[in-house]
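[1] I'd like to go over a predicted model; first the sequence, then the structure.
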Amino acid sequence: MPSSVYSPLADRVGAREGPVYALNVGDTWMEPFEGGRMEDLRVAEHPGLHRYCETGGIPPLVDAIVEKVRAKNALACERSEVLVTAGATGGLACAVSALVDPGEEVLILAPFWPLIRGIVQSQRGVAVELPFYDRVHSVADAVEAIESSLGERSVALYLCTPSNPTGRVLPRVWLEAMAELARRRDFWLLSDEVYEDYVYDAEHVSLGTLAPERTVSVFSFSKAYGTAGNRVGYLVGPEAVIHQAHKVSVHSVYHAPHAGQLAALRALQRGQPWVDEARDAYRQVGEDAARVLGVPAPEGSCFLFLDVRPVLDERGLLGFLEDCLEDGVVLSPGASSGSDYEGWVRLCYTAVPPDEAAAALRHLARRLGRQV
């Protein structure tokens with residue numbers, strides 16, 4: 001497992017004088033909506049706020065999640081099929097632990113969210129990387145690519161749509177074909193949908209509607225409502241899997257932060273206007289970023305994934321990242337999203353305010369030899 005995921009230069013950032021544009025970690029510049037922040041929670045309104053709570057999620061939040069996924073995601077969900085987790089990261093770790101025995105394989109569509117490979121490895125599973133989002137352009141090719149990568153010990157497929165880091169949104173017909181393949185070849189589907197609210201020019205389809213009996217879906221309040229520090233996400237899937245994932249959660253983090261869950265409940269109750277505002281803002285910043293860098297606009301998520309191999313010198317990618325740091329721009333190395341992407345970089349265009357993102361992108365464009 002790599003010890004440095006989001007930047008090999010992280011230890012140098014604090015020593016740099018001048019502005020720093022940290023585009024290497026997926027986050028938002030926006031504060032959560034008023035009423036849904038930690039400062040808005042008071043013990044007088046929430047007795048026991050600082051005590052342990054139900055390990056699978058506080059009941060009002062679980063109830064609200066059931067309503068949400070039924071209405072928004074069209075998932076036929078019951079309370080026993082929901083697990084509130086310590087962020088989507090914790091949720092995926094619990095799901096992998098529940099489904100994967102040591103030595104079994106999880107096929108991961110690449111480039112991928114940088115932590116999923118290490119999550120599989122931490123559970124003693126084998127991460128099988130499949131270059132996909134930048135190379136597969138038809139449903140037939142998608143099925144062929146996945147099927148040809150399956151082995152005797154393959155037990156699950158991980159996919160992320162909208163994609164972190166490519167910004168692609170997988171079409172419904174692709175997901176239908178993947179669901180059919182999963183049934184035919186008998187493997188689980190791990191559907192990462194944490195950017196479901198940030199789709200710009202496509203349709204988001206929840207994979208669990210197509211293969212509910214073998215899909216574990218993961219969602220995140222971190223990305224949806226700008227509350228990454230609260231560490232609250234949730235899993236939705238077959239009751240038997242959720243039951244096993246719950247055991248893992250109890251024996252690792254015990255439960256998601258109590259205060260974070262209360263804020264999450266408020267987000268489901270009152271946070272939609274904030275999401276709508278954030279989506280409009282993210283769309284504009286993403287389109288501006290793509291235009292400056294000369295790449296297609298993202299269909300969703302908050303990222304761009306760039307091939308910088310044409311401008312690398314004998315120092316390789318590390319030298320390019322060092323040059324960018326001279327401008328104050330911090331990027332994530334592409335290899336964190338897949339071993340086949342050594343000469344690529346990932347950037348999150350929502351991690352800093354739009355004016356700072358614009359300045360960072362001008363610096364990056366010059367490094368890429370583009371006129372700005």
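    Sure thing, it's come through. Numbering: from 1, shown residues only.
[2] hmm, who's touching the longest helix belonging to the chain?
    Using DSSP state H, we find that the single longest helix of the chain is helix 272-293. With C-beta atoms under 8 Å, 6 or more residues apart in numbering as the test, helix 272-293 has contacts from 28, 30, 32-33, 36, 167, 197-198, 200, 224-226, 267, 296-298, 302, 304, 306, 347, 349-350, 354, 357-358, 361-362, 364-365, 368, 370, 372. No exception for glycine: its C-beta is placed from N, CA and C like everyone else's.
[3] I'd like the next helix or strand past it.
    strand 303-307 (DSSP states H and E).
[4] what are the buried residues along that next one?
    Across strand 303-307, burial judged by 16 or more other C-beta atoms under 10 Å covers 303-306.
[5] quick one: mean pLDDT over that strand.
    Averaging pLDDT along strand 303-307 yields 98.
[6] which strands or helices does it pack on?
    helix 272-293, strand 344-348 (3 or more C-beta pairs under 8 Å, 6 or more residues apart in numbering; DSSP states H and E).
[7] comparing the ones you listed, which comes out most buried?
    strand 344-348 (a mean of 25; mean count of other C-beta atoms under 10 Å).
[8] how big is the angle separating that strand from helix 272-293?
    140 degrees (axes from the mean of the first three to the mean of the last three C-alpha atoms, to 10 degrees).
[9] just checking, next helix/strand downstream of strand 344-348?
    Next along the chain from strand 344-348, counting by DSSP H and E, comes helix 354-367.
[10] got phi/psi on Phe187?
    phi -140, psi 160 (degrees, to the nearest 10).
[11] tell me the contacts of it?
    107, 150, 154-157, 214.
[12] of the residues you listed, just say which sits nearest to Pro238.
    Using C-beta to C-beta, Arg214 is the member of those that sits closest to Pro238, with 7.5 Å.
[13] pretty sure that closest one sits against Arg185.
    No - Arg214 lies out of contact with Arg185 (C-beta atoms under 8 Å); the separation is 10.6 Å.
[14] of these two, which one has the most company?
    Arg214 (21 against 12; other C-beta atoms under 10 Å).
[15] how far away is the more buried one from Leu189?
    Taking C-beta to C-beta, to the nearest Å as the measure, Arg214 falls 6 Å from Leu189.
[16] any residues in contact with both of the two?
    Joint contacts of Arg214 and Leu189 (C-beta under 8 Å, 6+ apart) are Ala182.
[17] Lys68: neighbouring residues, count only.
    Neighbours of Lys68 (other C-beta under 10 Å): 17.
[18] ugh, wrong one, I meant Glu342
    13.
[19] go ahead and confirm Gln349 touches Cys302.
    Careful, residue 349 is Tyr; it's not Gln. Yes - at 6.4 Å, Tyr349 counts as touching Cys302 under the criterion of C-beta under 8 Å.
[20] tell me the phi and psi of Pro310?
    Dihedral angles (degrees, to the nearest 10) for Pro310: phi -60, psi -20.
[21] next one: Leu235
    Per degrees, to the nearest 10, the backbone of Leu235 is at phi -110, psi 150.
[22] ditto for Pro59
    phi -50, psi -40.
[23] burial check on it, number of neighbours?
    What Pro59 shows, counting by other C-beta under 10 Å, is a neighbour count of 11.
[24] that one and Leu361, how far apart?
    For Pro59, the distance to Leu361 - C-beta to C-beta - is 45 Å.
[25] among the contacts of Phe187, which are in strands?
    107, 154-157 (DSSP state E).
[26] could I have the buried ones of those residues as PyMOL selection syntax?
    Only the buried entries of the ones in strands among the contacts of Phe187 go into this PyMOL selection, using 16+ other C-beta under 10 Å:
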select buried, resi 107+154+155+156+157
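[27] pull the helix or strand with minimum mean pLDDT from this protein.
    Sorting the helices and strands of the chain by mean pLDDT, DSSP states H and E puts helix 10-13 at the bottom, at a mean of 81.
[28] send me it as CSV with only the CA atoms.
    Below are the C-alpha coordinates for helix 10-13, written out as CSV (Å, rounded to 0.1, in the frame of the first residue of the first chain):
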residue,chain,number,x,y,z
ALA,A,10,3.0,17.1,0.7
ASP,A,11,5.8,17.6,3.2
ARG,A,12,7.1,20.5,1.1
VAL,A,13,3.9,22.4,0.8
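[29] list the contacts of the next helix or strand after that helix.
    Per DSSP H and E, the first helix or strand lying C-terminal to helix 10-13 is strand 21-22. For strand 21-22, the surrounding residues in contact (C-beta under 8 Å, 6+ apart) are 13, 328-330, 351-352, 356-357, 359-360, 363.
[30] again, 10 Å this time
    The contact list for strand 21-22, computed with C-beta atoms under 10 Å, 6 or more residues apart in numbering, reads 6-7, 10, 13, 324-325, 327-331, 347-348, 351-353, 356-361, 363-364.
[31] now, of those residues, which are buried?
    6-7, 324-325, 327-331, 347-348, 351-352, 356-361, 363-364.
[32] domain parsing for the chain?
    According to automatic domain parsing, the chain comprises the domains 10-31+273-367, 41-270.
[33] mean neighbour count, these: which tops it?
    Highest mean neighbour count of the domains of the chain: domain 41-270, a mean of 20 (counted as mean count of other C-beta under 10 Å).
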